[in-house]
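Asks: Turn this into a structure:
(chains A, B, C and D)
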There are 2 protein chains.
Amino acid sequence: MAEGPRPGGQHGETLLFLTDEQLRKGIEAMFFAYKGFTSDPDRILEPRGYGRAHHRAVHFIHRSEGTTVNNLLAILGVTKQSLNRVLRTLIEDGLVESRVGTRDKRERNLYLTDEGKLLERELSDAQQARVRDAFRAAGPGAVAGFRTVLEAMMDPEMRRRYQRLTENAR
Amino acid sequence: MAEGPRPGGQHGETLLFLTDEQLRKGIEAMFFAYKGFTSDPDRILEPRGYGRAHHRAVHFIHRSEGTTVNNLLAILGVTKQSLNRVLRTLIEDGLVESRVGTRDKRERNLYLTDEGKLLERELSDAQQARVRDAFRAAGPGAVAGFRTVLEAMMDPEMRRRYQRLTENAR
DNA sequence: CTAGCAATGTCAACAAGGCTGACATAAAAC
DNA sequence: GTTTTATGTCAGCCTTGTTGACATTGCTAG
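Replies: Numbers count the residues shown, from 1 in each chain, chains lettered A, B, ... in the order given. As a prediction, this is how the structure comes out:
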């Protein structure tokens, strides 16, 4: 990191961090970090017979209370059959409530029940604890960079959804 | 972000970026970014009848040529049955070669064949292109922060493996 | 040398969670 | 009144993870 035989290339600083090796490090970091990122919720979900898909549904319903099935489909990027399987069990288990839309009665507005909120809290707490520790250890500047890079890595469509989410929740 | 009723808390800057909302943003950024991160390789793999598991195997065999099955198992964090299924198809298809170990004949040393290297290149090129663009757009400082946070997010055991990988490949 | 342990491979069965395609219903829109 | 939209559902398939059991080979310690 200090000297060495010009690790980046011979074209100056703008390329210095874009060698194959640096990119590979970034790629592997994503792989290993994502593993850690999902491990705590996975452990909580498993004894309840739920999986990551349930977590995602619960998360985004919490995040956008009253959202419609179609909106959830777009955010999660899965098929309706796939989402429906998950949603059905959550509704049957009394964690999610599906109310007929008022404006448009074809739509279903999704809400977490009290029990659903409990699970959401438990999952959030676990995942947030890890992210908080990582953020604390890394410092504010690193966190800003982290989010900048992640945002740049998203597909444009997903980036729009992501940004819309954060502004809604302000 | 500018004013409002003290979004972080009343304890000053060190807590300012650790509100629930900030943590949620980080969590959602991971989710959406990981989607983008895997999308290009997935598209390449699909017509060949391979999946993400094949990609990971090919990546880490390339990264650590001659690695053993056990080592790969530890890096990937899956069961040997799961890995073996993938490895078997890659060997049958002539992308990976498995040579009996010299030092310890129980071990198998794994190598990419020329054809395997071709696939690895194709996958790498696609994934690196996205990461490179993101890194370029975000700038060197952001990239450093990105990796710092990701590293802090890993399980300690995985962090060790990650760091060992990068030092070996130097 | 032999007993035990280690590294690998393999069979079978199962589950989660993606996918496609087809079809049904109710409500909105035209 | 026909068409489109939002949703739900059935059936079947695939990948990739899991567990448990078992076989083979080779290293290692006694």
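Asks: how much space is there between residue A:143 and residue A:57?
Replies: 27 Å (CB to CB, to the nearest Å). (Glycine included, C-beta is placed from N, CA and C.)
Asks: Find the centremost residue of chain A, please.
Replies: With distances taken as CA atoms, centre = their mean, residue A:56 lies nearest the centre of chain A, 7.4 Å away.
Asks: Pretty sure that one sits against residue B:30.
Replies: No. Using CB atoms under 8 Å, residue A:56 is not in contact with residue B:30; the gap is 11.8 Å.
Asks: The one helix or strand residue A:147 maps to near chain B at all?
Replies: Assigned by DSSP states H and E, residue A:147 belongs to helix A:140-153. Yes. Among the residues of helix A:140-153, A:140-153 lie within reach of chain B under CB under 8 Å from any CB of the partner chain.
Asks: ok, for the residue in chain A that DNA strand C sits nearest to, nearest residue in space, not its chain neighbours?
Replies: Taking CB to the nearest atom of the strand as the measure, the point where chain A comes nearest DNA strand C is residue A:51, at 1.4 Å. Using CB to CB, 6 or more residues apart in numbering or on different chains and skipping residues adjacent in sequence, the residue nearest residue A:51 is residue A:45, 5.9 Å away.
Asks: likewise residue A:95?
Replies: In space, residue A:95 is closest to residue A:116, 3.6 Å off (CB to CB, 6+ apart).
Asks: Identify the residues contacting residue A:59.
Replies: By CB atoms under 8 Å, 6 or more residues apart in numbering or on different chains, the contact set of residue A:59 is A:120, A:123, A:124, B:27.
Asks: Please narrow those to those residing in helices.
Replies: A:120, A:123, A:124, B:27 (DSSP state H).
Asks: possible to save the residues you listed as TSV with distance to residue B:39 and pLDDT?
Replies: Converted to TSV, the ones in helices among the contacts of residue A:59 look like this (distance: CB to CB, whole Å; pLDDT from 0 to 100):
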residue	distance to residue B:39	pLDDT
A:120	27	97
A:123	25	97
A:124	26	96
B:27	19	97
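Asks: before we move on, the earlier item: specify the local secondary structure of the residue nearest to the centre of chain A.
Replies: helix (DSSP: H, G, I helix; E, B strand; the rest coil).
Asks: could you give the angle of the helix holding residue A:147 to helix B:140-153?
Replies: 100 degrees (axes from the mean of the first three to the mean of the last three CA atoms, to 10 degrees).
Asks: Which of the helices or strands spans residue A:42?
Replies: Assigning secondary structure by DSSP H and E places residue A:42 in helix A:20-45.
Asks: wait, I meant residue A:60
Replies: helix A:52-63.
Asks: just checking, what packs against the helix or strand that that helix is followed by?
Replies: Helices and strands here follow DSSP H and E; after helix A:52-63, the next one along the chain is strand A:67-68. Strand A:67-68 sits against strand A:108-112, with contacts defined as 3 or more CB pairs under 8 Å, 6 or more residues apart in numbering or on different chains; DSSP states H and E.
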